[in-house]
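Asker: sequence first, predicted model second:
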Amino acid sequence: MTIAVLGATGGQGGAVAGALLDQGLPVRGVVRDPGGSRARALAARGAEIVMADLANPDTLAYAFQGTTAAFALTTPFEAGLRAEEEQGMAIIEAALRVELPHLVMASVASADRRTGIPHFETKAHTEEVLAASGLPATVVAPTYFFHNVFGELHEIASGVLVLPLDPGTPLQQVSRRDLGRVVAAVIAEPERWIGRRIEVAADAPTPAQMAEAIGHAAGWAVEYRQTPLSSLRVASPDMGAMFAFLAETGFRVDLEALRAEFPRVPWTPFAEWASAQRWSRPLQ
């Protein structure tokens with residue numbers, strides 16, 4: 001049993017590879033830079049490292065060859081939205097070519113709800129192509145990641161957490177580590193999960209609660225400050241559309257049902273996750 005993990009040195013792929021290795025399962029880490037420090041660290045844990053290009057079905061087919069399952073993901077944040085759709089089609093083509101027994105495809109929660117958010121819609125397109133392909137597959141769709149607050153480290157060091165959300169709006173989120181554990185559980189029981197779509201969240205803190213938890217963990221006061229959504233819409237229409245959706249509608253993961261489906265996943269609360277992070281020292 002060998003499991004291919006695309007993006008094995010990135011955030012999601014790294015969490016999946018780590019969860020599989022923690023269970024003693026053989027991992028084939030599929031990366032762009034086999035000589036990079038993260039790839040070397042993964043190899044030191046016992047993973048096989050191979051190089052592939054997300055947009056190239058030939059290299060992906062080589063990476064999938066002989067594996068029992070694969071975890072795959074796409075991204076629009078490097079080459080754009082059209083490139084993300086092409087990545088999804090390349091992954092599916094490669095999996096079909098080698099008759100992959102089980103493809104676990106990462107998406108995003110609510111991508112199947114026609115939100116109009118550009119990077120949700122590209123993932124919805126991949127889900128549609130995947131469903132039409134007939135591949136034995138599972139879609140795993142996480143909500144917002146706890147780690148996204150690291151994009152605000154400078155502000156946090158100044159004692160402020162900023163988001164374009166009302167301070168009392170719950171925001172369903174999950175740690176990458178818990179996502180990795182869910183994927184590992186899905187891969188361990190393919191007969192149970194093939195053909196299903198799983199939305200993943202662990203907690204739903206409000207921005208005000210997030211600021212309080214980060215301040216407690218960091219050791220200095222962190223206040224929450226709501227930024228104008230209109231400014232974000234100008235800077236990034238994609239992110240503006242996402243936060244408008246989060247403010248007005250939000251994710252709808254049934255947390256109790258999810259816990260019942262995955263009783264062995266510890267489901268880390270945001271405050272517990274925050275307490276385990278290293279926070280930059282406050283600015284003087």
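Answerer: Yep, it's here.
Asker: can you give me the helices in the stretch 1-150 of the chain?
Answerer: For the stretch 1-150 of the chain, the helices defined by DSSP state H, counting those that start in this stretch occupy 11-22, 37-44, 57-64, 81-98, 118-133.
Asker: tell me the secondary structure for residue 198?
Answerer: Using DSSP: H, G, I helix; E, B strand; the rest coil, the secondary structure recorded for residue 198 is strand.
Asker: tell me who's in contact with the nearest residue to it once chain neighbours are set aside.
Answerer: Sequence neighbours aside, residue 140 is the residue nearest to residue 198 in space, at 5.2 Å (criterion: C-beta to C-beta, 6 or more residues apart in numbering). Quick note: C-beta positions are derived from backbone N, CA and C, even for glycine. By C-beta atoms under 8 Å, 6 or more residues apart in numbering, residue 140 lies in contact with 104, 105, 106, 107, 179, 182, 183, 186, 198, 200.
Asker: any idea which element residue 279 lies in?
Answerer: Assigned by DSSP states H and E, residue 279 falls within no helix or strand.
Asker: near it, how many other residues are there?
Answerer: 18 (other C-beta atoms under 10 Å).
Asker: so how far is residue 152 from it?
Answerer: Distance, residue 279 to residue 152, by C-beta to C-beta, to the nearest Å: 11 Å.
Asker: now do residue 245
Answerer: According to C-beta to C-beta, residue 245 and residue 152 sit 20 Å apart.
Asker: same check, this time on residue 128
Answerer: Going from residue 128 to residue 152 by C-beta to C-beta gives 34 Å.
Asker: who has more neighbours, these two?
Answerer: Taking neighbours as other C-beta under 10 Å, residue 128 and residue 152 compare with residue 152 leading, 16 against 12.
Asker: part of a strand, is the more buried one?
Answerer: No. Applying three-state DSSP, one finds residue 152 to be helix, outside a strand.
Asker: contacts only, for it.
Answerer: Residue 152 neighbours (C-beta under 8 Å, 6+ apart): 161, 162, 163.
Asker: now find how far off-centre stretch 273-281 is within its chain.
Answerer: 20 Å (C-alpha atoms, centre = their mean, to the nearest Å).
Asker: picking that back up, can I get the contacts of residue 140 in CSV including pLDDT?
Answerer: Formatted as CSV, those follow (pLDDT from 0 to 100):
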residue, pLDDT
104, 98
105, 98
106, 98
107, 98
179, 98
182, 98
183, 98
186, 98
198, 98
200, 98
